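**Q** Below: sequence and its predicted model.
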Amino acid sequence: VTGEYHIQVHGANMDVLLQSPREYELSAHMHPSDADSAENNTNMVLSPMPGTLVSYAVSPEEQVVEGQELCVVEAMKMQNIIRSPRKGTIKSLTVDVGSSLLADQLLLEFEDESSSSSEDEA
């Protein structure tokens, strides 16, 4: 028994995890799961599939808006445009054009949102 349940209350669906008081206490000392760490990659753009990096449409320190073209990944002779998931400043391009890519490989990084907002205030 895992303690994981799916419940529906007044039309709202929820996944819940029932733990004993001791399990809850010990869970505070555990490493975060992959699902928790996936939320912390907002500054990264990952390759959605294996392929080849064809080109970058941006450069480091460039300001981009949400939906703007960042790069092109070719997979199975199809060119896929990778677009910006958010507004921000490009920190670095991490792969050379022409390189082979793995799925979920880091393509580029954004500056931290907190550091760019503090620079704007100064």
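**A** Yep, it's here. Residues are numbered from 1 along each chain as shown.

**Q** any idea how far the residue nearest the centre of the chain lies from residue 107?
**A** Geometric centre of the chain, nearest residue: residue 41, 3.9 Å, by CA atoms, centre = their mean. Look at residue 41 and residue 107: by CB to CB, to the nearest Å, they are 12 Å apart. All C-beta spots, glycine's among them, are computed from the backbone N, C-alpha and C.

**Q** same deal with residue 75?
**A** Counting by CB to CB - residue 75 and residue 107 are separated by 13 Å.

**Q** what's near enough to touch the residue nearest to residue 42 when sequence neighbours are not counted?
**A** Leaving aside its chain neighbours, residue 42 sits nearest to residue 86 (7.0 Å; criterion: CB to CB, 6 or more residues apart in numbering). Residues in contact with residue 86 (CB atoms under 8 Å, 6 or more residues apart in numbering) are 42, 66, 110.

**Q** out of these, which are inside strands?
**A** Among the contacts of residue 86, the ones falling in strands (DSSP state E) are residue 110.

**Q** Give the ChimeraX command for selecting the buried subset of the contacts of residue 86.
**A** Here is the ChimeraX command that selects the buried residues among the contacts of residue 86 (16 or more other CB atoms under 10 Å):
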select :110
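
**Q** Any buried residues in stretch 64-77, and which?
**A** 64, 70-73.

**Q** How about the contacts made by residue 90?
**A** Residue 90 touches 58-62, 64, 108-111, counting by CB under 8 Å, 6+ apart.

**Q** Just the buried subset of these, written out for ChimeraX, thanks.
**A** This is the ChimeraX syntax for the buried subset of the contacts of residue 90, where burial follows 16+ other CB under 10 Å:
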select :58,64,108,109,110,111
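
**Q** I'd like the contacts of residue 90 as CSV, with pLDDT appended.
**A** Output for the contacts of residue 90, formatted as CSV (pLDDT from 0 to 100):
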residue, pLDDT
58, 97
59, 96
60, 96
61, 96
62, 96
64, 96
108, 96
109, 95
110, 95
111, 92
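
**Q** Can you list which of the contacts of residue 90 are found in helices?
**A** Judged by DSSP state H, helices contain none of the contacts of residue 90.
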